[in-house]
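*Asks:* Here's my sequence, what's the structure:
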Amino acid sequence: MAIRRRDFLKGAGLAAATIGLPRLARGADAASIYDLERFGNARILHITDTHAQLNPVYFREPSVNIGIGEMAGRPPHLVGRAFLEHFGIRSDSADAYAFTCFEFEKSAGRFGKLGGFAHLKTLVDRLRADVGERRSLLVDGGDLWQGTGLANLMQGRDMVEVANLLGIEAMTGHWEFTYGEQALRDNLERFKGEFLAQNVFLTEEAAFNDAPAFDKATGRVFKPSVIKELGGHRIAIVGQAFPYTPIAHPRRFTPDWSFGIREEELQKHVDALRGTDKVDAVVLLSHNGMDVDLKLASRVTGIDVVLGGHSHDAVPQPMPVKNAGGTTLVTNAGSNGKFLGVLDLALDSGKVSDVRYRLLPVYSELLKPDPAMAELIGRVRAPHVADWSEKIATPDRLLYRRGNFSGPMDELICTALRTELDAEIALSPGFRWGVTALSGQAMTMEDLLAETAITYPETYVQEMTGAQIKDLLEDVCDNLFNADPYYQQGGDMVRAGGLSYTCTPDAAIGSRISELKLGSGKALSASHRYKVAGWASVNPQQGAPVWDVVGKYLRSGRMMPERLGSGVTLKGVEGNPGIAGLG
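*Replies:* A predicted model of the protein is given here:
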């Protein structure tokens, strides 16, 4: 279907509507979704979780994103029609396609791919030029260097070049740490901006051994914040790296560093910025995940706005959170380069008097690629295009990943692991990165790497008892559905192939998983030992990289023999607006 400009304009811009607070005004002029009315005296542009996707992509938003307890029915835990109704977005609009899973495949043919750094560069330059010199700032919320075969091979060096050309002035991190300390520091030597992380400290042993740190007196490994003068006002950007890095990833990548939310240290730092440094505004550049940010904003005072990432939630409007010092606005800017957050601040008498925020979809069909960025992307990709352009499969269905329990992409990976490694059960991590493949469009090795490229990709086969498998599922489920956001470490449920089960998300810990059955329908025995295949273990493994195993399976001409579904039955969440179908 041909893409028509009026298709974009008919509904675009609705995602910037008011949230009913006097601090926020209405969004983009309907004449053009990127012609923003001038407002305030300082503009901060925010991207996050791009996962090194240099070119435009398809990415389907989740159909399952369940909120539990106080978060049930609240952003970001809304999907499909519930999301559209909450934010007043037309179901046939470009915004509906960008922000939700609603009729995704039909809309993909209509509106095309989103993102791409050459297109993003054009938009960033335009929005910065609109407000004039020394009035804008571009920040990145982390997960910039990882997510593709190229970034993995170059250990993020390609993305440092891209970040410098894009003009990123401050960033924080998550997957960046999985390249290890030396690669991280080498990249930061080349990065022209500031890497900020107030919540990363030396371990006691590392401090005793005089390991490198930004501030040896406090043990902070990285600079905690930077103060920028915009429009004649002082704005502090505080970095908050992913707090659970050594738990979610192999500890060997960051053996000398201690992470955490560090709420007390953050409060002290914000107080110092407000007091000693006399800043006019404080913005937290966070990779906590939105639920964590909402709780943090209720407990830490003095932060005006949280620019959030990690959970890949594309939330059109800020969430206001009251705390002892006033109100903090919490945002989250999606993933894969699909969105650009635009925060306009009105600063007066040493404080923020008004705010306007928009989360703009980066429609590649509406933005001409920046020539310099397009040339850079072509140059860094050139040595590898031939090796990775081989067609290895043509999907017979839409392959997507994002969702609390599973998706066809992960089902395919699990099927390949079980088949190639001769296992009864396969487990695949609940990563939220990875792009979407349309039915009938050729899939290349580069596409497969976009689902699997990490620094610990080795596959494994091991025996596990039924009781151990249940315990593992319970542990990950508590990580996802714990009522206290501070115990949620990000990501989605581990994907299970050859196994079905019932999940009761709002049950007590240890009681959420039941009715475990093999693919044959036979109940799982607690004492029986099963052959289980997997990848991305936090413990060292010796198997072939997962992309080689899955690539071998796909080259054989096999796909999933039938639509298997997620293998999950949900209980106790009927009517939850975070569910629009499990398949």
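*Asks:* Kindly report the domain assignment for this protein.
*Replies:* The chain breaks down into these domains under automatic domain parsing: 43-53+115-376, 389-570.
*Asks:* For residue 91, which of those domains is the nearest?
*Replies:* Closest to residue 91 of those is domain 43-53+115-376 (CB to CB; 14.9 Å). C-betas here are computed from N, CA, C, even on glycine.
*Asks:* From the chain's centroid, how far away is the closest one?
*Replies:* 13 Å (CA atoms, centre = their mean, to the nearest Å).
*Asks:* Then stretch 365-385?
*Replies:* 23 Å.
*Asks:* Enumerate the positions of it that are buried.
*Replies:* In terms of neighbour count (16 or more other CB atoms under 10 Å), stretch 365-385 has its buried residues at 365, 366, 367, 369, 370, 373, 374, 376, 377, 380, 381, 384.
*Asks:* does residue 513 have beta-bridge partners, and which?
*Replies:* residue 503 (DSSP bridges).
*Asks:* Contact partners for it?
*Replies:* Counting by CB atoms under 8 Å, 6 or more residues apart in numbering, residue 513 touches 470, 473, 474, 477, 501, 502, 503.
*Asks:* What is the nearest of these to residue 233?
*Replies:* Of the contacts of residue 513, the one sitting nearest to residue 233 (CB to CB) turns out to be residue 477, at 45.6 Å.
*Asks:* Same question for the residue lying closest to residue 164 once chain neighbours are set aside, what's its three-state structure.
*Replies:* Nearest non-adjacent residue to residue 164, counting by CB to CB, 6 or more residues apart in numbering: residue 192, 4.8 Å away. Three-state assignment for residue 192 (DSSP: H, G, I helix; E, B strand; the rest coil): coil.
*Asks:* And residue 192, how far from residue 223?
*Replies:* Residue 192 is 14 Å from residue 223, where distance means CB to CB, to the nearest Å.
*Asks:* So between these two, which is more surrounded?
*Replies:* Set residue 192 next to residue 223 and count neighbours by other CB atoms under 10 Å: residue 223 wins out with 15 against 11.
*Asks:* where does the spatially closest residue to residue 185 that is not a sequence neighbour land in three-state SS?
*Replies:* Distances taken as CB to CB, 6+ apart put residue 212 closest to residue 185, at 7.8 Å, once the chain neighbours are dropped. Under three-state DSSP, the three-state class of residue 212 is coil.
*Asks:* and residue 212, how many neighbours does it have?
*Replies:* 11.
*Asks:* And for residue 225?
*Replies:* For residue 225, using other CB under 10 Å, the count is 23.
*Asks:* State the phi and psi torsions of the closest residue to it other than its chain neighbours.
*Replies:* Nearest non-adjacent residue to residue 225, counting by CB to CB, 6+ apart: residue 238, 4.3 Å away. Phi and psi for residue 238, reported as degrees, to the nearest 10, are phi -110, psi 130.
*Asks:* For residue 507, see how far away residue 238 is.
*Replies:* Counting by CB to CB, the gap from residue 238 to residue 507 is 37 Å.
*Asks:* cool, and residue 529?
*Replies:* Residue 529 is 27 Å from residue 507, by CB to CB.
*Asks:* again, but for residue 482
*Replies:* On the measure of CB to CB, residue 482 and residue 507 end up 12 Å apart.
*Asks:* Sketch out the strands for the stretch 351-500 of the chain, chain order is fine.
*Replies:* 351-361, 391-393, 425-430, 443-444, 459-465, 492-497, 499-503 (DSSP state E, counting those that start in this stretch).
*Asks:* buried sites along the longest one?
*Replies:* Of all the residues in strand 351-361, those buried under the rule 16+ other CB under 10 Å are 352, 354, 355, 356, 357, 358, 359, 360, 361.
*Asks:* Quick one: name whatever helix or strand follows the helix or strand of the chain with the lowest mean pLDDT.
*Replies:* The helix or strand of the chain with the poorest confidence is helix 5-11; it has a mean of 44 (mean pLDDT, DSSP states H and E). Where DSSP states H and E defines the elements, the next helix or strand beyond helix 5-11 is strand 42-47.
*Asks:* helices or strands up against that next one?
*Replies:* For strand 42-47, the elements it packs on are helix 117-131, strand 136-140, strand 225-230, strand 233-240, strand 281-286, strand 339-348, judged by 3 or more CB pairs under 8 Å, 6 or more residues apart in numbering; DSSP states H and E.
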